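Visitor: need a 3D model of the following:
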Amino acid sequence: MKKGKKHQQGTGARENGNGNAQRHGEHESWKKLKLVEIHQALNCDPVDIETLRRAAISKGGLLTDEIRRKVWPKLLSVNVYNLPAKPTKDVRENHKDFNQVLLDVRRSMKRFPRGMRVDEKQVLQEQLIDIILVVLQKNPALHYYQGYHDIVVTFLLVVGERMAIAILETLSNHHL
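Guide: Coordinates of the predicted model:
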């Protein structure tokens, strides 16, 4: 223990950086309540979409990637048992947006988690390119715009390539 600082045992209080004490139990209790609410909404038949929506936009969002993997497909009515196939490399051939997507994705290294190996980032960048091009190819009314790759990488990192394609098709056609 450092000299000059008092340590209170058993109070559950801790400093929050502004000199204000915050009860650890209170901080964790809203998370626990939110988790219970989300799980109850997922277990309803039919799923309670409105509760999931409120949870997603309220403090803390959906809290964990595990929960996001369960909730995002429900919110977007994506059938997790009927996902698109992995993209083939021919998706890149003669695609009008390939060069712009490639440029934007190559600049996106900072969007990947710290500590991730370079070779892992490179694999994810290739998947990112393919996801974007597949969604655009399957939906000719959509147009690529700068920054779209930032949206796509979020889904790729949380749900993986095939689920990201399914989610992004719905999201891009109905919500972006």
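
Visitor: which residues are in contact with stretch 146-154?
Guide: With contacts defined as Cβ atoms under 8 Å, 6 or more residues apart in numbering, stretch 146-154 is touched by 100-101, 104-105, 108, 111-112, 124, 128, 131-132, 164, 168, 171, 176. Any C-beta I mention is one placed from the backbone N, CA and C, and that applies to glycine too.

Visitor: now with 10 Å, please.
Guide: Identification of contacts with stretch 146-154 by Cβ atoms under 10 Å, 6 or more residues apart in numbering yields 68, 97, 100-101, 103-108, 111-112, 124-125, 127-129, 131-132, 135-136, 142, 145, 156, 164-165, 167-168, 171-172, 176.

Visitor: drop anything exposed from those residues.
Guide: Burial by neighbour count, judged by 16 or more other Cβ atoms under 10 Å, picks out 68, 97, 100-101, 104-105, 108, 111-112, 124-125, 127-129, 131-132, 135-136, 142, 156, 164-165, 167-168, 171-172 from the contacts of stretch 146-154.

Visitor: those in helices, which ones?
Guide: Applying DSSP state H to the buried ones among the contacts of stretch 146-154, the entries found in helices are 68, 100-101, 104-105, 124-125, 127-129, 131-132, 135-136, 156, 164-165, 167-168, 171-172.

Visitor: where does this protein have low pLDDT?
Guide: Counting by pLDDT under 70, the chain shows low-confidence ranges at 1-27.

Visitor: give me that answer again for 80
Guide: In the predicted model, the chain carries pLDDT under 80 at residues 1-27, 109.

Visitor: quick check: domain ranges of this structure?
Guide: For the chain, automatic domain parsing gives the domain ranges 21-74, 89-174.
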